[in-house]
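Asker: pasted the sequence and its predicted model underneath.
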Amino acid sequence: MKLTLDLDLKKCTSCGACAIACMDQNDIDVERGIRPFRTVFDWENKTGGTGRKFIHISIACMHCTDAPCVLACPSACISKDKETNLTVFDNTNCIGCHSCAMACPFGIPSFGEEGKMQKCDGCAVRVKNGMEPACVRACPVQALKLVDIDAENSQTEGASLQKLGKEILEFQT
């Protein structure tokens with residue numbers, strides 16, 4: 001099983017419910033300067049090519065198949081979960097070198113108060129217990145979905161990592 005989060009850009013309304021659910025699930029206190037694992041952006045189309053004025057993008061860890069952050073971490077704090085293929089972390093041995101953050105093309109890993117790396121783990125514990133990730137469960141328009149990209153009948157309407165870039169490029173032109 002290879003799980004990934006799928007975002008349907010046509011459904012996302014930028015309500016922020018996914019980001020709030022993530023902060024609640026992971027006990028993130030933004031008032032203390034801790035960066036949220038999931039962020040929602042509004043992107044204005046200045047060229048007017050698609051007829052839409054804005055797209056909304058909910059971004060967190062992309063759980064890349066060949067995650068560069070896993071390879072970059074000298075302390076082996078980041079790994080691919082064998083059961084779900086989500087990119088998970090255990091920052092017990094983190095030395096705070098920021099190698100993972102520099103290797104990530106999306107700038108996802110952040111560093112908490114103790115200088116140790118933290119990031120979205122796809123709510124791996126929830127998923128292993130048969131529940132949806134907090135962000136997926138909270139999305140009122142079902143723009144976020146957890147999908148198995150290996151399933152033969154995996155027909156997704158949204159924008160997984162492979163499709164997200166293409167949809168953004170189409171939006172810009």
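Answerer: Alright, I've got the coordinates. Source: prediction; values computed, not measured. Residues are numbered from 1 along each chain as shown.
Asker: the residue nearest the centre of the chain: what's it in contact with?
Answerer: The chain has Ala60 as the residue nearest its centroid, 2.5 Å off, counting by C-alpha atoms, centre = their mean. The neighbours of Ala60, taking C-beta atoms under 8 Å, 6 or more residues apart in numbering as the test, are Leu5, Cys22, Phe37, Arg38, Thr39, Ile108, Cys120, Cys135. Every residue, glycine included, has its C-beta placed from N, CA and C.
Asker: quick one: mean pLDDT for stretch 25-39?
Answerer: Per-residue pLDDT over stretch 25-39 has a mean of 87.
Asker: what lies in contact with stretch 129-147?
Answerer: Taking C-beta under 8 Å, 6+ apart as the rule, stretch 129-147 contacts 3-9, 11-13, 15, 17-22, 24-25, 38, 58, 60, 122-123, 126-127, 154, 156, 158, 160.
Asker: make it 6 Å
Answerer: 3, 6-8, 11-13, 17-18, 21-22, 25, 38, 122-123, 154, 156 (C-beta atoms under 6 Å, 6 or more residues apart in numbering).
Asker: buried stuff in it?
Answerer: Pro133, Ala134, Cys135, Val136, Arg137, Ala138, Cys139, Ala143, Leu144, Lys145, Leu146, Val147 (16 or more other C-beta atoms under 10 Å).
Asker: end to end, how far does it reach?
Answerer: End-to-end distance of stretch 129-147 (C-alpha to C-alpha, to the nearest Å): 16 Å.
Asker: same thing with stretch 70-77?
Answerer: Terminal residues of stretch 70-77 lie 8 Å apart, using C-alpha to C-alpha.
Asker: and what of stretch 3-15?
Answerer: 24 Å.
Asker: same question, stretch 124-132
Answerer: 9 Å.
Asker: over to stretch 38-55?
Answerer: End-to-end for stretch 38-55, by C-alpha to C-alpha: 17 Å.
Asker: swap in stretch 132-150?
Answerer: End-to-end distance for stretch 132-150, by C-alpha to C-alpha: 18 Å.
Asker: quick one: mean pLDDT for it?
Answerer: pLDDT averaged over stretch 132-150 gives 93.
Asker: hang on, the earlier thing: out of the contacts of stretch 129-147, which end up buried?
Answerer: 3, 6-8, 11-12, 17-18, 21-22, 25, 38, 122-123.
Asker: roughly how far does Lys145 sit from Cys12?
Answerer: Lys145 is 12 Å from Cys12, where distance means C-beta to C-beta, to the nearest Å.
Asker: one step back: list just the nearest of the buried residues of stretch 129-147 to Ala101.
Answerer: Proximity of those to Ala101 (C-beta to C-beta) peaks at Cys135, which lies at 20.9 Å.
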